[in-house]
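**Student:** okay, predicted coordinates and the sequence, questions at the end:
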Amino acid sequence: MNRPPSVPATRSTRLKYSVPASGALPFTQQVLLYQDGHPIAQARWHATDSSDGIIQILDFVVEPAHQRQGHGSTLLRAVYDQAGLLYTSLGQRPRRAWITVEQKRHVTARAFLSRHGFHHVSTIKNLYVDQDAMIYQRAFD
């Protein structure tokens, strides 16, 4: 297995989910990524009680020392996989994911989201102190 040079081959990573991705809506799940027994990244996502197939990513954080090593991509794939399992268990399919980021403070997050198929779809002016909130969305269909 090829690993980036900054990630030693002896390090182990694993995902942990707060609840199984099945059951009734509304649904919220936290996904944690551990390396050598320590949490290094986490995401929290939510599906509403409608049948629209839309999930909102509420939180998405990779610890600074572990950024740019593929952990964010691993975490995002886990969220997609879990959303797929949830909607499959309901006889539906996921259609879209969306997330809100801060315009000035989350510049690298915006680039990350764009690399992973998200598009800027709206801006909420002055939602945060001295900056706007930007809404990014990704379609699955």
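**Tutor:** On my side now, so go ahead. Numbering: from 1, shown residues only.

**Student:** what bits of this structure have low per-residue confidence?
**Tutor:** Scanning the chain with the threshold set as pLDDT under 70 gives 1-12.

**Student:** which parts of it are helices?
**Tutor:** Using DSSP state H, the helices assigned to the chain run over residues 71-89, 107-115.

**Student:** can you give me the domain boundaries for the protein?
**Tutor:** 1-94, 98-141 (automatic domain parsing).

**Student:** ok, for H106, nearest residue in space, not its chain neighbours?
**Tutor:** M134 (7.9 Å; CB to CB, 6 or more residues apart in numbering). Placement of C-beta: from N, CA and C, glycine included.

**Student:** count the neighbours of the one you found for me.
**Tutor:** 21 (other CB atoms under 10 Å).

**Student:** do P94 as well
**Tutor:** Counted with other CB under 10 Å, P94 comes out at 22.

**Student:** do the same with the one 4 residues further on
**Tutor:** Burial measure for W98: 15 neighbouring residues, criterion other CB under 10 Å.

**Student:** can you pull the contacts of it?
**Tutor:** Applying CB atoms under 8 Å, 6 or more residues apart in numbering, we find W98 in contact with 54-57, 121, 135-138.

**Student:** beta partners of it?
**Tutor:** Note on W98: beta-bridge partners by DSSP bridges are Q56, Q137.

**Student:** what sits against L127?
**Tutor:** Counted by CB under 8 Å, 6+ apart, L127 has contacts A133.

**Student:** who's in contact with the most centrally placed residue in the chain?
**Tutor:** Geometric centre of the chain, nearest residue: L76, 4.3 Å, by CA atoms, centre = their mean. With contact set as CB under 8 Å, 6+ apart, L76 has these partners: 43, 60, 116.

**Student:** give me the number of residues near the residue nearest to I57 when sequence neighbours are not counted?
**Tutor:** What sits nearest to I57 in space, not counting adjacent residues and going by CB to CB, 6+ apart, is I99, at 4.1 Å. When neighbours are counted by other CB under 10 Å, I99 registers 22.
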